[in-house]
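J.: Everything below, folded, please.
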Amino acid sequence: MKILIIKQKKDIIKKQLGQAAMEFLMTYGWAILIVLITIGALAYFGVLNPNKFFPESCTLMPGLDCTEFAVDSSASQVQFFMRNGLGKSIDFSSLNIDINIDNVGDCTAVDPASISDGALSSQINIDDCSITGNDGDSFRVNIIGTYTLGGGSLSHTMLGSLVTKIESGNLLIVE
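T.: The predicted model follows:
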């Protein structure tokens, strides 16, 4: 008889523990479901659009700074200015834009830059780039350049990157 009563008490305790565990899981399950629905609604209505928080940058090699840049889809053109802080003049024999990020130039500057030490380049226009996307879409390319330093004869390669948003009809002013 005593064994039967102990067994009945154990069964009751197990049922109570099971009910507590189930209530715990249901409460947290509903909370997680509400959070997921909220995140889905915010993403659907564009509040969580990553393009709104997209940082724009132009990174070249150390000592060479990309000061201003624009990508114009209507003119199929990438434009930027460079500032030389290398301590020597730099002469580019080629400047290419690599749209497919495969380190092969997809479009080339017609007139590559020559920049004296401490100077800002004239505007560099790279035309005939196949820019796909709408205004405000993110745009990422590599900038590949071949250059010589200070009138030297050794050829060097520069690899940089440009991350910005596509604009249409907002060309930089040609100086």
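J.: Is Cys66 bridged to anything, and to what?
T.: For Cys66, the beta-bridge partners are Met82 (DSSP bridges).
J.: isn't it right up against Asn84?
T.: No. Using CB atoms under 8 Å, Cys66 is not in contact with Asn84; the gap is 11.3 Å. Any C-beta I mention is one placed from the backbone N, CA and C, and that applies to glycine too.
J.: Check the burial of Ser121 by counting its neighbours.
T.: Using other CB atoms under 10 Å, Ser121 is surrounded by 21 other residues.
J.: show me the contacts for it.
T.: Listed by CB atoms under 8 Å, 6 or more residues apart in numbering, the contact partners of Ser121 are Phe81, Met82, Arg83, Asn84, Ala113, Ile115.
J.: who touches Lys88 in this structure?
T.: Contacts of Lys88 (CB under 8 Å, 6+ apart): Asp117, Leu149, Gly150.
J.: domain ranges for this protein?
T.: Following automatic domain parsing, one gets these domains for the chain: 2-48, 52-167.
J.: which stretch in the ones you listed has the least confidence?
T.: Ranked by mean pLDDT, the domains of the chain bottom out at domain 2-48, with a mean of 80.
J.: ok, and which of the domains of the chain has the densest surroundings?
T.: Highest mean neighbour count among those (mean count of other CB atoms under 10 Å): domain 52-167, with a mean of 16.
J.: next one: phi and psi at Ala20?
T.: Recorded main-chain torsions at Ala20 are phi -60, psi -40, according to degrees, to the nearest 10.
J.: now Tyr44
T.: Main-chain dihedrals, Tyr44, degrees, to the nearest 10: phi -60, psi -40.
J.: Contacts only, for it.
T.: No contacts exist for Tyr44 under CB under 8 Å, 6+ apart.
J.: Equivalent analysis for Thr148, please.
T.: Neighbours of Thr148 in contact, by CB under 8 Å, 6+ apart: Ile90, Asp91, Ser93, Leu154, Ser155, His156.
J.: partner strands of the strand or helix carrying it, parallel or antiparallel?
T.: Assigned by DSSP states H and E, Thr148 belongs to strand 138-149. Counting by DSSP bridges, the strands paired with strand 138-149 are strand 90-98 (antiparallel), strand 156-167 (antiparallel).
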